[in-house]
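Enquirer: Predicted structure and sequence below. I'll ask about it afterward.
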Amino acid sequence: MSTDTTTTGDATASPPTKPNLWRDSSFSAVLAGLIAVLVSYSGPLVIVLSAASAGGLTQAQTGSWVWAISIGSGLTCLGLSLYTRMPIITAWSTPGAALLVTSLGSYPYAEAVGAFVVTGVVITLVGVTGVFGRLMRRVPGAVVSAMLAGILFSFGTGVFTSVKTEPWTAGGVLLAYLLAKRFLPRYAVLVALVVGVGCAAATSRLHVHIDTFEFARPEWTTPHFSVPALIGIAVPLLVATLASQNAPGMGVLAASGYAPNDRVLIGSTGAMSTLLAPFGSHAVNLAAITAAICTGPEAHHDPRRRYVAGVSCGVFYLVVGMFGSTLVALFAGLPTELVAAVAGVALFGALANGLTGAMADDEHREAAMITFLATASGVTMWGIGSAFWGLIAGVLAHVVLSARPVSRRGWRP
């Protein structure tokens, strides 16, 4: 693994070389992948478990669901990061799981699985045809950066709200990060994590109880297709996944300076969702928040070597997926304040980059500000999160503010 401590944000600072996973590996990138997985299992997974409980799923079906979304996320992270040499971070659809909390119990589980299959097929088609990418490319870069900053804003402030409720643990994380950032910048997040765990243990805030390690057992459910389930589950799940997950996910990559192939990314995650739907996977998609942990400078100062964070994230997903509920219990035992504080400091760099990109261009500054405020507001309408509405608000503001007359008969954006 590399131990180079040179710090520069310029991707062209050194001549390009042929990618080599071992040579490109760095401790900071591997750690970024681990933190991304930690954040995924300590928060969004709770929503999946709540949906499973509301839907009356058996323990075996719930375990299979966790296995499917973990394996799906792991394989796509690993495969796409190696293929594209970009830090491609995927996850399960958190907004999709949230809507299933209220809708899953209204349909037989086999019909819900049928709706998952249809959702995956449609997302695959939307991806491989390039429709999704063409829409995203029409959005100004400043608006995309502002959306990223808005998504991450609550995580930045979460560090300080955690200090209020758990001053020793969260305060220790913040202080350790600042000191390490001054003297050991490559290992600042690791130092913050270690100190935070130590503070939580010292104050008796760790509640990790693991009796035995058991391999997960996937369970097949034959899909049944019904019109009510397609309308009640597939349609809202499709919209929530594309608008609240894939759109911000593409935006995070673009704001970090990458130019991913949307056909490959959206098509691959849609195909993986389809394949694993009979085992319970409701949707695998591009991540946004956890992606920012791996696409920013904290993962590595050289953007060309951050793909290792995506590989690392995929490997950790696969490990957790293999052991299922056993390792989920480990993540769930960490204090919420510790997870919030570590995630927040890990995202400081990405948040700063997002704000810089949003405000750098005078022409798009006001539209970017509107995007940031709408996204950071956390507003949710019709089950679709604020990242989508912030994007829509910013695009509308850009169109209105940039429109110029071309004749007496109309205006041109």
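Expert: Structure received.

Enquirer: now the helices for the stretch 151-300 of the chain?
Expert: 167-183, 188-202, 227-229, 235-241, 247-255, 262-276, 289-295 (DSSP state H, counting those that start in this stretch).

Enquirer: Distance to T161 for the ones you listed - can I get that in TSV?
Expert: Bear in mind the C-beta positions are built from the backbone N, C-alpha and C, glycine included. Converted to TSV, the helices of the stretch 151-300 of the chain look like this (distance: least, C-beta to C-beta, whole Å):
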stretch	distance to T161
helix 167-183	8
helix 188-202	15
helix 227-229	39
helix 235-241	26
helix 247-255	22
helix 262-276	32
helix 289-295	16
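
Enquirer: Let me know which of the ones you listed is the nearest to M381.
Expert: Closest to M381 of those, according to C-beta to C-beta: helix 235-241, at 11.5 Å.

Enquirer: Show me what the closest one is packed up against.
Expert: helix 94-103, helix 109-128 (3 or more C-beta pairs under 8 Å, 6 or more residues apart in numbering; DSSP states H and E).

Enquirer: among these, which gets the worst mean confidence?
Expert: Comparing mean pLDDT over the helices and strands packed on helix 235-241, the weakest stretch is helix 94-103, at a mean of 76.

Enquirer: Tell me what angle that one forms with helix 262-276.
Expert: Taking axes from the mean of the first three to the mean of the last three C-alpha atoms, to 10 degrees, helix 94-103 and helix 262-276 form an angle of 40 degrees between their directions.

Enquirer: Surely A243 and G390 touch.
Expert: No - counting by C-beta atoms under 8 Å, A243 stays clear of G390, with 11.1 Å between them.

Enquirer: so what's L21 scoring on pLDDT?
Expert: 85.

Enquirer: before we move on, the earlier item: can you convert the helices and strands packed on helix 235-241 into CSV and add a column each for mean neighbour count?
Expert: What follows is those, written out as CSV (neighbours: other C-beta atoms under 10 Å):
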stretch, mean neighbour count
helix 94-103, 22
helix 109-128, 22
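
Enquirer: Turn these into TSV, including distance to L253.
Expert: Below are the helices and strands packed on helix 235-241 laid out as TSV (distance: least, C-beta to C-beta, whole Å):
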stretch	distance to L253
helix 94-103	18
helix 109-128	14
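
Enquirer: quick one, what contacts the closest residue to V189 other than its chain neighbours?
Expert: Once flanking residues are discounted, V189 sits nearest to A346: 4.9 Å by C-beta to C-beta, 6 or more residues apart in numbering. A346 makes contact with A32, I35, V189, A192, I293, E298 under the criterion C-beta atoms under 8 Å, 6 or more residues apart in numbering.

Enquirer: make it 6 Å
Expert: I35, V189, I293, E298 (C-beta atoms under 6 Å, 6 or more residues apart in numbering).

Enquirer: Next: L338.
Expert: T169, G196, A200.

Enquirer: out of those, who's nearest L104?
Expert: Looking across those and measuring by C-beta to C-beta, the closest to L104 is A200, at 33.8 Å.

Enquirer: show me where pLDDT drops low in the protein?
Expert: The model of the chain has pLDDT under 70 over residues 1-18, 42-44, 46, 186, 206-213, 324-333, 382-385, 403-413.

Enquirer: Residue nearest the middle of it, spatially speaking?
Expert: A287 (2.6 Å; C-alpha atoms, centre = their mean).

Enquirer: Would you confirm that that one contacts P87?
Expert: No - with contacts defined as C-beta atoms under 6 Å, A287 does not count as touching P87, sitting 10.4 Å away.

Enquirer: Could you pull up the residues touching G267?
Expert: T124, G127, V128 are the contacts of G267 under C-beta under 6 Å, 6+ apart.

Enquirer: I'd say the last one and V264 touch.
Expert: No - judged on C-beta under 6 Å, V128 makes no contact with V264 at a distance of 8.6 Å.

Enquirer: Check the gap between G357 and V195 for me.
Expert: Distance of G357 to V195, given as C-beta to C-beta, to the nearest Å: 31 Å.

Enquirer: who has more neighbours, these two?
Expert: G357 (23 against 20; other C-beta atoms under 10 Å).

Enquirer: Excluding chain neighbours, what is closest to the more buried one?
Expert: S145 (3.1 Å).

Enquirer: what's the angle from the helix or strand hosting the one you found to helix 247-255?
Expert: If you go by DSSP states H and E, S145 is part of helix 141-165. Put simply, helix 141-165 runs at 110 degrees to helix 247-255, going by the same axes, to 10 degrees.

Enquirer: any residues touching helix 141-165, and which ones?
Expert: Helix 141-165 is contacted by residues 170-171, 174, 248, 251-252, 254-255, 288, 292, 337, 340-341, 343-344, 347, 350-351, 354-355, 357-358, 361, 364, 367-368, 371-372, 375-376, 387, 390-391, 394 when judged by C-beta under 6 Å, 6+ apart.

Enquirer: buried subset of the residues you listed?
Expert: The neighbour-count test (16 or more other C-beta atoms under 10 Å) marks 170-171, 174, 248, 251-252, 254-255, 288, 292, 337, 340-341, 343-344, 347, 350-351, 354-355, 357-358, 364, 367-368, 371-372, 375-376, 387, 390-391, 394 as buried among the contacts of helix 141-165.

Enquirer: For F132, which of the helices of the stretch 151-300 of the chain is the nearest?
Expert: helix 262-276 (5.3 Å).

Enquirer: thinking again about what came up before, next, the angle helix 167-183 makes with the helix holding S145.
Expert: 130 degrees.
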